[in-house]
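Asks: Just a sequence and a predicted model for now, questions to come.
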Amino acid sequence: MAVDIQATRDVIDVITGGWRAQALYTAVKLDLPDHVEAGRDTDPELARATGADERGVHRLMRLLVAMGVFEGDGTTGYRNTPVSTALLAGPQSLHDMCLLYGEEFYAAWGHAHHAVSTASSGFEAAYGLPFYDHLGQDPALARRFQHTMNAGSMFFHQVPEVFDFSGRTVVDVGGGGGHLLATILAATPDAGGVLFDREHMMLKAREHLVAAVGPERVRLVGGDMFEGVPEGGDVYILCRVLAGWDDDAVVGVFENCRRAMADPSARLLVIDRFVADKDSTVLPALWDLHLLVTTGGAHRTLDRVTSLLDRAGLDIVRTAELPMETTALVAEPRPSSQP
């Protein structure tokens with residue numbers, strides 16, 4: 001049988017993907033994009049700045065130039081490309097995402113066979129604790145994870161374009177560092193907000209929201225969405241917070257939001273990435289498997305989420321597409337389900 005050269009190349013590209021990811025992680029761990037931006041852009045200068053061996057730096061940079069992460073060479077100087085520029089340290093940087101994926105998540109993916117074979121968390125197999133429990137015990141990791149979530153917020157600016165928040169009280173359930181709520185309030189001057197999340201998120205969220213929109217437009221409430229959510233909101237938002245939990249738990253959160261709604265005109269926005277069992281694209285399928293490996297969770301199909309909303313007395317009235325294959329579902333309380 002003749003060798004299929006293209007198939008061989010495709011297999012090699014896939015199985016060496018982890019090497020490429022670790023090369024990029026190493027560059028970020030050594031702060032190479034920031035050093036290049038600061039003008040320390042030759043092999044000797046990068047070696048001195050990082051404390052790494054010059055020969056190792058040269059070989060790493062040679063690969064990263066070939067990958068399009070940097071341009072130039074180690075003698076005349078390297079230059080950042082849009083890829084490495086996205087990794088420069090800063091509020092919207094992918095820097096911490098790269099570190100998280102290169103360390104904790106890379107270790108979890110080392111147990112992918114276990115995760116798939118048992119439908120349970122590879123992270124727990126690697127670290128001995130569920131991901132969120134481990135997160136609660138490691139403040140530095142929690143900050144890195146929050147920065148990673150913030151970095152994945154490139155669609156936030158379009159949320160006010162797909163829903164009218166004017167004059168409404170917006171309750172962001174599981175709102176994390178407050179970036180989505182800040183984006184909505186900045187785009188809607190007559191709206192007010194409530195950020196609801198676990199107590200350990202309050203300090204960081206308060207700092208960001210006060211700086212972004214001021215203290216008078218937002219209230220921060222600590223608590224557990226599985227036990228209840230703040231009452232009286234006009235719009236409740238659940239953005240990327242449901243994938244790690246089983247169906248009954250998710251229905252419970254939906255019910256808590258419905259019970260807390262001020263009146264029948266209130267709405268629930270569910271913003272997430274949904275999978276399709278037929279004709280799936282790579283990104284949703286990849287993130288779904290990543291959830292299994294890290295938390296034991298899963299992305300859901302649109303039909304499945306619709307059925308969970310139905311169980312909670314909520315009906316989808318509209319959907320809107322957002323970047324990065326993310327979808328916003330707008331749901332209303334069913335009249336017979338009002339308290």
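Replies: Alright, I've got the coordinates.
Asks: What about the spatially closest residue to Glu104 that is not a sequence neighbour, how many residues nearby?
Replies: Closest residue to Glu104 apart from its sequence neighbours, by CB to CB, 6 or more residues apart in numbering: Leu141 at 6.7 Å. Quick note: C-beta positions are derived from backbone N, CA and C, even for glycine. Counted with other CB atoms under 10 Å, the neighbours of Leu141 add up to 18.
Asks: which helices and strands does the host helix or strand of Leu141 pack with?
Replies: Using DSSP states H and E, the element containing Leu141 is helix 139-151. Counting contacts by 3 or more CB pairs under 8 Å, 6 or more residues apart in numbering; DSSP states H and E, helix 139-151 packs against helix 95-102, helix 131-137.
Asks: Are we agreed that Val241 is in a strand?
Replies: No. Assessed with DSSP: H, G, I helix; E, B strand; the rest coil, Val241 is coil; it does not lie in a strand.
Asks: Surely it touches Phe196?
Replies: No. Counting by CB atoms under 8 Å, Val241 does not reach Phe196; the two are 10.5 Å apart.
Asks: what is in contact with these two at once?
Replies: Taking CB atoms under 8 Å, 6 or more residues apart in numbering as the criterion, Val241 and Phe196 both touch 173-174, 225.
Asks: so what are the domain limits for this protein?
Replies: Using automatic domain parsing, the domains assigned to the chain come out as 5-85, 95-150, 153-337.
Asks: In the chain, which residue is most central in space?
Replies: Met149 (3.6 Å; CA atoms, centre = their mean).
Asks: which non-adjacent residue is nearest that one?
Replies: Gly176 (5.7 Å).
Asks: how deep is that neighbour tucked in, by neighbour count?
Replies: 23.
Asks: what pLDDT does it get?
Replies: At Gly176, the predicted lDDT confidence score is 86.
Asks: residues contacting it?
Replies: 146, 149-150, 197, 201, 205.
Asks: so which of those residues comes closest to Thr76?
Replies: Using CB to CB, Asn150 comes nearest to Thr76 of the contacts of Gly176, at 35.8 Å.
Asks: any idea how far the closest residue in space to that closest one that isn't next to it in sequence lies from Ala260?
Replies: Among residues not flanking Asn150 along the chain, His179 sits closest, at 5.2 Å (CB to CB, 6+ apart). As defined by CB to CB, to the nearest Å, His179 lies at a distance of 23 Å from Ala260.
Asks: How about Leu309?
Replies: Leu309 is 15 Å from Ala260, by CB to CB.
Asks: One more: Glu227?
Replies: With CB to CB as the criterion, Glu227 and Ala260 are 12 Å apart.
Asks: out of those two, which sits in the busier spot?
Replies: Relative neighbour count places Ala260 above the other of Glu227 and Ala260, with 20 against 9, counting by other CB under 10 Å.
Asks: quick one, what contacts that one?
Replies: 171, 228-233, 236.
Asks: could you redo the last one with a cut-off of 6 Å?
Replies: Going by CB atoms under 6 Å, 6 or more residues apart in numbering, Ala260 touches 229, 231.
Asks: Ala108 now?
Replies: Applying CB under 6 Å, 6+ apart, the residues near Ala108 are 122-123, 126, 293-294.
Asks: Can I get the buried part of the residues you listed as one ChimeraX selection?
Replies: Filtering the contacts of Ala108 down to the buried ones (16 or more other CB atoms under 10 Å) takes a single ChimeraX command:
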select :122,123,126,293,294
